[in-house]
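>>> Here you go, sequence then predicted model.
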There are 2 protein chains.
Amino acid sequence: MTSSQQPLNQRFARELAQGIAAGAFTAVEATEACLARIAARDGVLKAWVHLDPEAPLAQARALDAGPPRGPLHGVPVGIKDIFDTFDAPTEMGSPIYAGHQPFADSYAVAALRAAGAVILGKTVTAEFAGMHPGPTVNPHDPSRTPGGSSSGSAAAVADFMVPVALGTQTGGSVLRPASFCGIVGFKPQFAAISRAGVKLAAETLDTVGVLARDVDDAAFLFDVLTGQPPGAPAERTAPPVIGFCRTVIWDRAAPETVQALEEARERLVAAGAAVDEVEMPGDFLAVDRDRNVINSVERARTMAHEWHHHREAISDTLAETLTEGLATPHDAYLAALETCRQARGRLPALFGANDALLVPCVPGVAPAGLGSTGDPTFQGFWTALHVPTITLPTHRTADGLPVGIQLVGRPRDDAGLLSVARWALARLKGD
Amino acid sequence: MTSSQQPLNQRFARELAQGIAAGAFTAVEATEACLARIAARDGVLKAWVHLDPEAPLAQARALDAGPPRGPLHGVPVGIKDIFDTFDAPTEMGSPIYAGHQPFADSYAVAALRAAGAVILGKTVTAEFAGMHPGPTVNPHDPSRTPGGSSSGSAAAVADFMVPVALGTQTGGSVLRPASFCGIVGFKPQFAAISRAGVKLAAETLDTVGVLARDVDDAAFLFDVLTGQPPGAPAERTAPPVIGFCRTVIWDRAAPETVQALEEARERLVAAGAAVDEVEMPGDFLAVDRDRNVINSVERARTMAHEWHHHREAISDTLAETLTEGLATPHDAYLAALETCRQARGRLPALFGANDALLVPCVPGVAPAGLGSTGDPTFQGFWTALHVPTITLPTHRTADGLPVGIQLVGRPRDDAGLLSVARWALARLKGD
């Protein structure tokens, strides 16, 4: 699990924090290593929308000159460009917000700064954290999408430009790009991390999440963002009990996803986990349908100002969603919320005694082309259920394209999911 | 219920809309009537923090010159100064945001504009919609608080400066000032009205609400804000079934509140309602305690930037709350959320067959002095339970100070509560 012989830009966030604290290297050196990687690679990757090297270097110099500030002292982080930053523009992936300078940091950015992080820059987001792509490409194949909407955060972490980054998920915007880029994407339970200062997309779905290269770093960042003393997820005293759940949308899974899931199940069993099938009642399909209703209605409300003042600058993709939302009666919206609420009430029965569910994360590898960020169905289903979810970079196809698996935690049990995920990744990585 | 012989600033919002639509008077005349009242009275009341008369007049002239725009065509509205407005500062009741100009309208403001409303100006809010008061006084006695945090919106509506106004409630910030000022304050179910563009205070509590002079106007504004065709609440085909609930904090009710509740019960029964006692299990008291935990933790997160960059400009009252929040472990916060979640699950049993609960709204009349906005306990209890609540201006003391009652709706039944409230106010008003 150690990478301490590697270049600084390839280290884990916690290793950078330890190394800086121990005097092995400085925050400036860590920042410079990340900046050098970005200088070498971002012409192709286009993961960053705003990066002024002097700004993070000044932060790093100040940290090097001062007392220890917190658990992330000197560690560079990437920020999806829908989180407000008081010292850099926040453009939402939209020409409407070109050059827009917020007054204050969002909660998450302020919390990272308070913990000593170096805010390296802002990463590309799909337009308003929706489905209309930005320019970022997949680090494993530049002709393919990195996924979205946290496109730049996922590509930057996967390409060793920064150890960890912030994302948000309304449908599948953390887990899908993480899966396509071959890294860990963790979406905690709904509302675990304050959304203050984040441009809302769909208010009852939007969840702040993290992108990292392993589970321990995801947990490290999550702990900081929830005001907890950071530490590795709890070691399991016994192998987990995992439910293998094909969900009600299994027919959308491509062969590489089916193969990854089946293979993961076999290896987890071989490692000692109890893995039994969990059948999801067919009427859970309404969650998929009604997440789309909620998404379109709430986005139409969130985007009311932009719709009335800047309609010509909204993409056709988003305009179609907003038009759907505006045409949806309030009663239909309330009914969709009720569908999801009732489905949440049935989750304890669905989980039974399982510590987590093993489910598909994406239909398959990142689709060719940059015109779409891929299908959010497998991720969005669980977003609407408010449960914590994580994708693990466990599998690659013969031509090197990542396809992640997804683990779903019990309602409100972020810590439990991280513990299972850590156990599982240690036994599945390297495929 | 008609006020059509009264000066325009004393009419209901729906009457102004009808009169303008019928050509009886213009949007400019309605706006001028409100501005004249403000010019005459706001030197004492201090309800408005930003009001440039030329701005609403320009909106009104444009509306008069154009085609019908929507159900609020030409109707002046007041906006609590924590809702972003693209054409006027949004200062949050804090020197930190002095002169702060947002880029875009909040959802609620954009929705009102799209419906044809004239955005008259911004009303005084307690600091960050918390407990540290602004300068507004009570229109019924300038030596007393108007309540808070929607202080200016409540005072302005009560004093006939504007027919309706926006507020928000995290503890009791809509219903308390409405009760103290003798008007209707309606807090719908949690998340009924999008909070996009509202400065968050405590994310799982903050609810957008409305202040009005009767239930029909509150419903009218609520319908516009939820994208519904506006109309009066449903006429009841039979008198409602109401539970009289002393709650678990009845010992905080002063004699005038006890008397108002008992008298309201008698008159509702005389009017045909079935009113039986509902006993609240004593362990609901944990909701009151844990709402404070949630409030302090979430405010500390929401205010992270201001805490780190502008601490000297935060009031002692708020600093104390933030300090408490920062000292609260994440597990204690999660446990407090769980308390409220479980209590919500017990609400159907508490309500039984009742259409609504009749409960105290405030301990008593507005306290003397301007140093505190009063006690949020009776309102905040229900805010944490996410149910719709409304206060009705049914009672006054011998010296003319209002004390409202509170009706609590069944979970997620905004329309049902408005229907009961309309029925009840028609039978209780004028006391």
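Nice, thanks for sending it over.

>>> What's the separation between the spatially most central residue of chain A and chain B?
What sits nearest the mean C-alpha location of chain A, by C-alpha atoms, centre = their mean, is A:Val174, with 2.4 Å. As defined by C-beta to the nearest C-beta, to the nearest Å, A:Val174 lies at a distance of 19 Å from chain B. For glycine as for every other residue, the C-beta is placed from the backbone atoms N, C-alpha and C.

>>> I'd like to know how far the nearest residue to that residue once chain neighbours are set aside sits from A:Gln189.
Nearest non-adjacent residue to A:Val174, counting by C-beta to C-beta, 6 or more residues apart in numbering or on different chains: A:Gly209, 3.8 Å away. Using C-beta to C-beta, to the nearest Å, one obtains 11 Å as the distance from A:Gly209 to A:Gln189.

>>> A:Arg341 too?
Taken as C-beta to C-beta, the span from A:Arg341 to A:Gln189 is 15 Å.

>>> Name the residues of the stretch 1-150 of chain A found near chain B, please.
A:86, A:97, A:100, A:103-107, A:109-111, A:113-114 (C-beta under 8 Å from any C-beta of the partner chain).

>>> would A:Gly416 count as being in a helix?
Yes. The assignment for A:Gly416 (DSSP: H, G, I helix; E, B strand; the rest coil) places it in a helix.

>>> from what I can see it touches A:Leu407, true?
No. Contact criterion C-beta atoms under 8 Å: A:Gly416 and A:Leu407 do not qualify, at 10.4 Å.

>>> So for the two, which residue has more residues nearby?
A:Leu407 (27 against 18; other C-beta atoms under 10 Å in any protein chain shown).

>>> partners of the closest residue to that one other than its chain neighbours in the sheet?
Using C-beta to C-beta, 6+ apart and skipping residues adjacent in sequence, the residue nearest A:Leu407 is A:Ala356, 4.8 Å away. Beta-bridge partners for A:Ala356, by DSSP bridges, are A:Ile242, A:Gly409.

>>> Quick check: the residue of chain A most remote from its centre vs A:Gly74, distance?
Using C-alpha atoms, centre = their mean, the residue of chain A lying farthest from its centre is A:Ala65. It sits 32.6 Å away. As defined by C-beta to C-beta, A:Ala65 lies at a distance of 11 Å from A:Gly74.

>>> same check, this time on A:Leu8
A:Leu8 is 11 Å from A:Gly74, by C-beta to C-beta.

>>> Overlap of the contact sets of those two?
Common neighbours of A:Leu8 and A:Gly74 (criterion: C-beta atoms under 8 Å, 6 or more residues apart in numbering or on different chains): A:16, A:30.

>>> Name the residues that touch stretch A:317-333?
With C-beta under 8 Å, 6+ apart as the criterion, stretch A:317-333 contacts A:127-128, A:130-132, A:293-301, A:303, A:307, A:311, A:314, B:226-228.

>>> Of the residues you listed, which qualify as buried by neighbour count?
A:127-128, A:130-132, A:293-301, A:303, A:307, A:314, B:226-227 (16 or more other C-beta atoms under 10 Å in any protein chain shown).

>>> Of these, which belong to strands?
The members of the buried ones among the contacts of stretch A:317-333 all map outside strands under DSSP state E.

>>> how much space between A:Ala271 and A:Lys46?
39 Å.

>>> So the two - more neighbours on which side?
Using other C-beta under 10 Å, the more surrounded residue of A:Ala271 and A:Lys46 is A:Lys46, with 19 against 15.

>>> Excluding sequence neighbours, find me the nearest residue to the more buried one.
That would be A:Pro135: by C-beta to C-beta, 6+ apart, it lies 4.2 Å from A:Lys46.

>>> So what does the one you found look like in phi/psi?
Taking degrees, to the nearest 10, you get phi -80, psi -10 for the backbone angles of A:Pro135.
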